[in-house]
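Asker: the sequence and its predicted three-dimensional model are supplied below.
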Amino acid sequence: MEDNKSIITIPRGRPTAPPLSLDLTDIYTAENRLPELAYANPSSANSLMGFFNTACNLTDKYISWIDFEILQAEKSLEDAKSEVILDKAPEEFERRKTEGKYKDISIKYSEDFRNAVVAKDPVYSERLDILNSLKAVRQLLANKAKSFARAYYSSQSIAENKSHAAANLPFNGNIGQTYLEDQKNFMGKPKIGGYKDGE
């Protein structure tokens, strides 16, 4: 982790590659603007649509980068596992058969034995931790991307509904006049519920 709290540093899928830094400043800014949907109007809804669309695109870009690193990490993990099974597991089997407290115990060179040697191998464990870290960061960003996508569609719905309402003004029973207009400016008695007073 770096001094800037908006930047996260993640490991790479290839053991020799340097760490990757992701700047989440715009993503955190987008998260802070999510409450604005509660009081959005047509103008702000259109603006929010563009803002959340940009945030979603940035998050998806980061997810794509991490997906590539996950593929690399899975390959590195399989390489480490293969090395253990082909080279280290046979050596460990022979050692346990001939040395120390294990030499009097019947040990079979089975799949369970090989898997146990793999699980205890430090290189394999380190690469497994890297893979799990990348998957965790990916899930974190995927959840944020879903929030931004929902926010985008909510903004779109607000903008479209308000625009639809503006195009279909509610009439109050007086020809050419709506409830939104001042009743005092209409010639004659204003109607309430479609009827003149006293009818």
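Answerer: Nice, thanks for sending it over.

Asker: which residues of this structure fall in strands?
Answerer: Counting by DSSP state E, the chain has strands at residues 7-10, 20-23, 191-192, 195-196.

Asker: helices or strands up against the second one?
Answerer: Read it as strand 20-23. strand 7-10, helix 42-83 (3 or more CB pairs under 8 Å, 6 or more residues apart in numbering; DSSP states H and E). The C-beta positions use only the backbone N, C-alpha and C, and glycine is treated the same way.

Asker: can you put the ones you listed in JSON lines and add mean neighbour count, mean pLDDT and distance to Ile27?
Answerer: Putting these into JSON lines (neighbours: other CB atoms under 10 Å; pLDDT from 0 to 100; distance: least, CB to CB, whole Å) gives the following:
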{"stretch": "strand 7-10", "mean neighbour count": "15", "mean pLDDT": "91", "distance to Ile27": "10"}
{"stretch": "helix 42-83", "mean neighbour count": "17", "mean pLDDT": "92", "distance to Ile27": "6"}
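
Asker: ok, which of these comes nearest Val123?
Answerer: Smallest distance to Val123 across the helices and strands packed on strand 20-23 (CB to CB): 5.0 Å, for helix 42-83.

Asker: and the closest one, how far out from the chain middle?
Answerer: How far helix 42-83 lies from its chain's middle: 8 Å, per CA atoms, centre = their mean, to the nearest Å.

Asker: for it, packing partners?
Answerer: Using 3+ CB pairs under 8 Å, 6+ apart, helix 42-83 sits against strand 20-23, helix 25-32, helix 122-167.

Asker: now these as JSON lines including mean neighbour count and mean pLDDT?
Answerer: Rendered in JSON lines, the data for the helices and strands packed on helix 42-83 read as follows (neighbours: other CB atoms under 10 Å; pLDDT from 0 to 100):
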{"stretch": "strand 20-23", "mean neighbour count": "15", "mean pLDDT": "92"}
{"stretch": "helix 25-32", "mean neighbour count": "15", "mean pLDDT": "92"}
{"stretch": "helix 122-167", "mean neighbour count": "16", "mean pLDDT": "87"}
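
Asker: how close does Leu34 sit to Ala45?
Answerer: According to CB to CB, to the nearest Å, Leu34 stands 13 Å off from Ala45.

Asker: actually Glu74, not the one I wrote
Answerer: Distance of Glu74 to Ala45, given as CB to CB: 42 Å.

Asker: and Arg127, by the same measure?
Answerer: For Arg127 relative to Ala45 (CB to CB), the value is 47 Å.
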